[in-house]
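**Q** Sequence and predicted model, in that order:
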Number of protein chains: 2
Amino acid sequence: MSEIDTRQRILDAAESLFMEHGFEATTLRRITGHAGVNLAAVNYHFGSKEALIQELFRRRLTWLNEQRLAALDRLEADAGGAPVKPSRILEAFFGVAVTMAADRAGGGHTFMRLLGRTYTEPSAFVRSFLAEEYSEAISRFKRALVRALPGVPSDEIFWRFHFMLGAMAYAISGADALNIIAEKPLDESDGGALYARLMSFLIGGLRAPLPAGLSQSVPTSPRKQSQKSAGKPRLVKRA
Amino acid sequence: MSEIDTRQRILDAAESLFMEHGFEATTLRRITGHAGVNLAAVNYHFGSKEALIQELFRRRLTWLNEQRLAALDRLEADAGGAPVKPSRILEAFFGVAVTMAADRAGGGHTFMRLLGRTYTEPSAFVRSFLAEEYSEAISRFKRALVRALPGVPSDEIFWRFHFMLGAMAYAISGADALNIIAEKPLDESDGGALYARLMSFLIGGLRAPLPAGLSQSVPTSPRKQSQKSAGKPRLVKRA
DNA sequence: GTATAATTAAAACATTCGTTTGAAACGGTT
DNA sequence: AACCGTTTCAAACGAATGTTTTAATTATAC
């Protein structure tokens, strides 16, 4: 087995196992077992589990954000100095992601679900890695949106961009979590339909009227939980 | 130290540590150390780490969804048979959540961030637990939305509800993940402002025009990553 | 005050993890 | 064929984890 094959098989196996069970719960033994390679191969080819994770994201994320920036470049070139339509900007950013998420055979689907979940990943090194990988694309798209929406405060645009990212991430990665909740599972087989649905939702949200009184307060004040373990001490069975 | 105190201190410590480092990376030793109790206390009072996690969610989630349902009950009673305004329904569902998230002193803020991240938690037992805890509230709010939006296909409503949940979860829990990305950190100190911003975004998305052609396809086809490790095998330093 | 149950405490348990080791197998070059 | 760097392999390492055990301590009831 050639070196590149081994690397690839490890990455592919890790991708789907991380997606299924998370980073910590996925052991190197399961990864290498699933990939059909020796346990030591991970440390040999990547150096550590952490480095494996980074390489796993790098190999897809770099491409993804390059596509996004290229699409934005094309839009701005076509517009010739004039601001680009907001819906076009969103299509460039989210369309590429949904496209990748629709690619089930090549693993893009798995990766995008993993990525969506990783946005809220607590571990520091993943977060800082994502931050670096995303910084250029995010800032350029923000700038484009600010230009495209004169009159809208840029803070508001940032927040809405934040909301949109969340909606997309959940649409892709949280699908089965919420399918359990839903009595009738949502059909996510048609990537095109998801794209159309998400896009009109996002554009609706982006173009929503600005909140009237920004200092308007939240309905009522919250209470701490009501400890219910009434009297009876919760006994744990012993052997 | 009374039993109830020990339980409470464990739960509180676990909540903030789980939020900070995730479930797997948070050890019982850190939890009990942070709570100032003995290591064995967790297994004595809760039975297992898994059961601790479930109790942690139960104590807040039950109250949260009761509040949501009570708010919906009031709305429907006030409407007297007529459909409730969609924006009102959203306020009932998301307002309670944002309210809880604004409660920093009582731990509601920490919990809501943890909850948001947990929607995409891979581990099976957490998912099935959440599903059960949410099922009533979700189905009742869905029904209310379907009534409130005649003419809109219920599938579309379900999807948008899904999107909205994602936007809210990220607004609350993914905040610092995206703050790293953002060059200027978003100010989330004002819970009321967040609420107003989120609400107008959500209502805008919910009321957006329906996607024109639902079978419309995604822009271009995706490519697998471009393996960049040109020739040079990546050597790992050995001792 | 004494008996009885509930809780805390310290120590050890078995397992599992990521990583390292040193030798064997492989591939290409001369 | 003999060499040499690369890759694979089985085995082991030390550390850390959730859990259990047994004894000491505290609270509660009679």
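**A** The structure has been received and is ready for your questions.
**Q** so who does the residue lying closest to A:Leu206 once chain neighbours are set aside touch?
**A** Closest residue to A:Leu206 apart from its sequence neighbours, by Cβ to Cβ, 6 or more residues apart in numbering or on different chains: A:Arg160 at 5.4 Å. The way it works is simple: take the backbone N, C-alpha and C, and place the C-beta from them, glycine included. Neighbouring residues of A:Arg160 by Cβ atoms under 8 Å, 6 or more residues apart in numbering or on different chains: A:Gly205, A:Leu206, B:Arg197, B:Phe201.
**Q** Quickly note the distance from A:Gln54 to B:Ile31.
**A** From A:Gln54 across to B:Ile31, the span is 29 Å (Cβ to Cβ, to the nearest Å).
**Q** These two: which has the busier surroundings?
**A** B:Ile31 (25 against 19; other Cβ atoms under 10 Å in any protein chain shown).
**Q** Give the buried residues for the helix or strand containing the more buried one.
**A** Applying DSSP states H and E as the criterion places B:Ile31 in helix B:28-35. For helix B:28-35, burial by neighbour count (16 or more other Cβ atoms under 10 Å in any protein chain shown) applies to B:Leu28, B:Ile31, B:Thr32, B:His34, B:Ala35.
**Q** Identify the residue spatially nearest to the third one, adjacent ones excluded.
**A** For B:Thr32, ignoring the flanking residues on the chain, the nearest one in space by Cβ to Cβ, 6+ apart is B:Leu39 at 4.8 Å.
**Q** for A:Phe23, helix, strand, or coil?
**A** coil (DSSP: H, G, I helix; E, B strand; the rest coil).
**Q** List the contacts of A:Ala169.
**A** Here A:Ala169 is in contact with A:Leu115, A:Gly116, A:Arg117, A:Tyr119, B:Gly166, B:Tyr170, B:Gly174 (criterion: Cβ under 8 Å, 6+ apart).
**Q** From the residues you listed, which land in helices?
**A** A:Leu115, A:Gly116, A:Arg117, B:Gly166, B:Tyr170 (DSSP state H).
**Q** Save those as a markdown table, and put in neighbour count, pLDDT and distance to DNA strand C too.
**A** Shown next, in a markdown table, are these (neighbours: other Cβ atoms under 10 Å in any protein chain shown; pLDDT from 0 to 100; distance: Cβ to the nearest atom of the strand, whole Å):
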| residue | neighbour count | pLDDT | distance to DNA strand C |
| --- | --- | --- | --- |
| A:Leu115 | 22 | 93 | 20 |
| A:Gly116 | 25 | 88 | 22 |
| A:Arg117 | 24 | 86 | 18 |
| B:Gly166 | 30 | 88 | 29 |
| B:Tyr170 | 27 | 84 | 28 |
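**Q** ok, those vs B:Arg143, which is closest?
**A** Among these, B:Gly166 lies closest to B:Arg143 (Cβ to Cβ), at 20.7 Å.
**Q** Quick check, that closest one in contact with A:Met168.
**A** Yes - B:Gly166 lies in contact with A:Met168 (Cβ atoms under 8 Å); the separation is 7.4 Å.
**Q** Show me what the helix holding B:Ile31 is packed up against.
**A** helix B:3-21, helix B:40-45 (3 or more Cβ pairs under 8 Å, 6 or more residues apart in numbering or on different chains; DSSP states H and E).
**Q** what does the domain assignment say about chain A?
**A** By the assignment in automatic domain parsing, chain A contains the domains A:1-47, A:54-180+A:187-206.
**Q** winner for burial among those domains?
**A** domain A:54-180+A:187-206 (a mean of 19; mean count of other Cβ atoms under 10 Å in any protein chain shown).
**Q** pLDDT score assigned to the closest residue to A:Ser87 other than its chain neighbours?
**A** Using Cβ to Cβ, 6+ apart and skipping the chain neighbours, the partner closest in space to A:Ser87 is A:Ile203 (5.1 Å). Looking at A:Ile203, its pLDDT stands at 95.
**Q** what's near enough to touch A:Ile203?
**A** Taking Cβ under 8 Å, 6+ apart as the test, what A:Ile203 contacts is A:Pro86, A:Ser87, A:Leu90, B:Ala208.
**Q** Regarding the third one, what is its secondary structure?
**A** In other words, A:Leu90. Quick answer, by three-state DSSP: A:Leu90 is helix.
**Q** following the lowest-mean-pLDDT helix or strand in chain A, which helix or strand comes up?
**A** The helix or strand of chain A with the poorest confidence is helix A:175-181; it has a mean of 58 (mean pLDDT, DSSP states H and E). Next along the chain after helix A:175-181, taking DSSP H and E as the criterion, comes helix A:191-206.
**Q** Taking helix B:191-206 as reference, get the angle to that following helix.
**A** Computed by axes from the mean of the first three to the mean of the last three Cα atoms, to 10 degrees, the angle separating helix A:191-206 from helix B:191-206 equals 130 degrees.
**Q** next one: helix A:191-206 to chain centre, how far?
**A** 16 Å (Cα atoms, centre = their mean, to the nearest Å).
**Q** before we move on, what about stretch A:32-46?
**A** For stretch A:32-46 - counting by Cα atoms, centre = their mean - the centre lies 27 Å from the chain centre.
**Q** Could I get the average pLDDT for it?
**A** Stretch A:32-46 comes out at a mean pLDDT of 96.
**Q** contact partners of whichever strand or helix holds A:Ile138?
**A** Per DSSP H and E: A:Ile138 is located in helix A:124-148. Outside of helix A:124-148, the residues within contact range by Cβ under 8 Å, 6+ apart are A:23, A:50, A:53-54, A:57-58, A:61-62, A:65, A:68-69, A:72, A:75-76, A:83-86, A:89, A:92-93, A:118-119, A:121, A:152, A:154, A:157-158, A:161, B:177, B:180-183.
**Q** Now, the residues you listed that are in helices?
**A** Per DSSP H, the contacts of helix A:124-148 map to helices at A:50, A:53-54, A:57-58, A:61-62, A:65, A:68-69, A:72, A:75-76, A:86, A:89, A:92-93, A:118, A:154, A:157-158, A:161, B:177, B:180-181.
**Q** filter those down to the ones close to DNA strand C.
**A** Among these, the residues that sit close to DNA strand C (Cβ under 7 Å from any atom of the strand) are A:Glu50.
**Q** pLDDT weak spots in chain A?
**A** A:1-4, A:174-189, A:191, A:213-239 (pLDDT under 70).
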